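Undergrad: let's see this in three dimensions:
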Amino acid sequence: MKLKGWVMLLLSLALFANAGAGLTTGKHMHKAEEEEPAEQHKFSKANRYDFDGEQYWYYKMMEKVTNESVTNGTLLGEIQERDRKIYFQLPKTEADNAGKRNKGYTMAVAKIVAFLEPGFLPDNDANKQYMANLKKILQKNTQLSKRILEDHSRLSLWFSRNKNRLIWSEQAQQLVIAELK
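TA: Below you'll find the predicted structure:
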């Protein structure tokens, strides 16, 4: 149910955003409290957002996280969107949580599958390049064949069947499908 909410949020944002430009997940994205001690980056407490582990891993898979550092158990970093930077912080324990990593990566896959649907984005050069990049991200982080990646109906079917079983494998360094319980 939570994944459905994320997918709906991403889809609605896509309709009002420029092909994913400036797209943010919105969840738990509130300004950091003024009393927090971490001050490693070139950003102030006034423009730093508190993230949870799911958001961090979502943006990590989408290859948007840069300039990471850890100070006093707090992970600090930046997310580069097309038109702006978002500065974030989260407890390192959130980033180390395997369940949150799996959920964040699954949310990223959901976004990619939605955006790759034919006709979802306007047909222009910028969107073609964006969709090619999304396919590369998906290929790099999954065990999907080119045959599935190039056929959206197969990709959509694969995701609907496996979205609840995707887990990150440290050994394979990609998402794999967990065994049925």
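
Undergrad: now the strands for the protein?
TA: Ranges of strands in the chain, per DSSP state E, are 30-31, 48-50, 65-71, 74-80, 85-91, 166-169, 174-177.

Undergrad: for the first one, what does the pLDDT average out to?
TA: Strand 30-31 shows a mean pLDDT of 47 in the predicted model.

Undergrad: likewise stretch 64-74?
TA: Average pLDDT, stretch 64-74: 95.

Undergrad: which phi and psi values does Glu150 adopt?
TA: phi -90, psi -10 (degrees, to the nearest 10).

Undergrad: next, count neighbours for it.
TA: 11 (other C-beta atoms under 10 Å). No exception for glycine: its C-beta is placed from N, CA and C like everyone else's.

Undergrad: do the same with the one 4 residues further on
TA: If you count neighbours by other C-beta under 10 Å, Arg154 ends up with 14.

Undergrad: pLDDT wise, what is it at?
TA: pLDDT, read off for Arg154, is 97.

Undergrad: which stretches of this structure have low pLDDT?
TA: Residue ranges of the chain with pLDDT under 70: 1-46, 181.

Undergrad: and it, what are its domains?
TA: For the chain, the structural domains run 24-95, 99-177, going by automatic domain parsing.
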